[in-house]
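**Q** here is a sequence with its predicted model. Questions after.
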Amino acid sequence: MTVGMIAVHYPETGHFEDFVARVRKVAAVMRATPGCLSATYWADDAGEAVVSTVEWESDEAVAATYAALGTANVDVAFDTRERRPREIIRLRSLP
């Protein structure tokens, strides 16, 4: 069974490009972690939301990815550059 996550981020208008750069760096760290099958990011057509999708082999791979993020030089903090809280959906593949 694979494990997934969808995160919807709402950067402030003046921080959209900066936020995409942040997400790009985080996705690169995730992809380099053993057990991470994919880490991608998208923007809606209006340029108001950034959507991240990640897929892992297992819960252990998820834990390894978050451990790697904790020691990497990436910015994952929620702050005033986002106009509303992130929406995070955790997923499990179906048999």
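**A** Thanks, I have it. Residues are numbered from 1 along each chain as shown.
**Q** what about the top helix by length along the chain, average pLDDT?
**A** Ordering each helix of the chain by length in residues (DSSP state H) puts helix 16-31 first. Mean per-residue pLDDT for helix 16-31: 94.
**Q** also stretch 74-93?
**A** 92.
**Q** start to end distance for it?
**A** 28 Å (CA to CA, to the nearest Å).
**Q** quick one: contacts of that stretch?
**A** Stretch 74-93 is contacted from outside by 1-12, 15, 18-19, 22, 25-26, 29, 69, using CB atoms under 8 Å, 6 or more residues apart in numbering. Glycine gets a C-beta too; all of them are placed from N, C-alpha and C.
**Q** now those: which count as buried?
**A** 3-5, 7-9, 11, 15, 19, 22, 26, 29 (16 or more other CB atoms under 10 Å).
**Q** next, format the residues you listed as TSV and append distance to residue 61.
**A** Shown next, in TSV, are these (distance: CB to CB, whole Å):
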residue	distance to residue 61
3	7
4	11
5	12
7	17
8	22
9	22
11	27
15	30
19	25
22	22
26	16
29	13
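**Q** Three-state assignment for the closest residue to residue 12 other than its chain neighbours, please.
**A** Excluding its sequence neighbours, the residue lying closest to residue 12 (CB to CB, 6 or more residues apart in numbering) is residue 83, at 5.0 Å. Local secondary structure at residue 83 is given as strand here, using DSSP: H, G, I helix; E, B strand; the rest coil.
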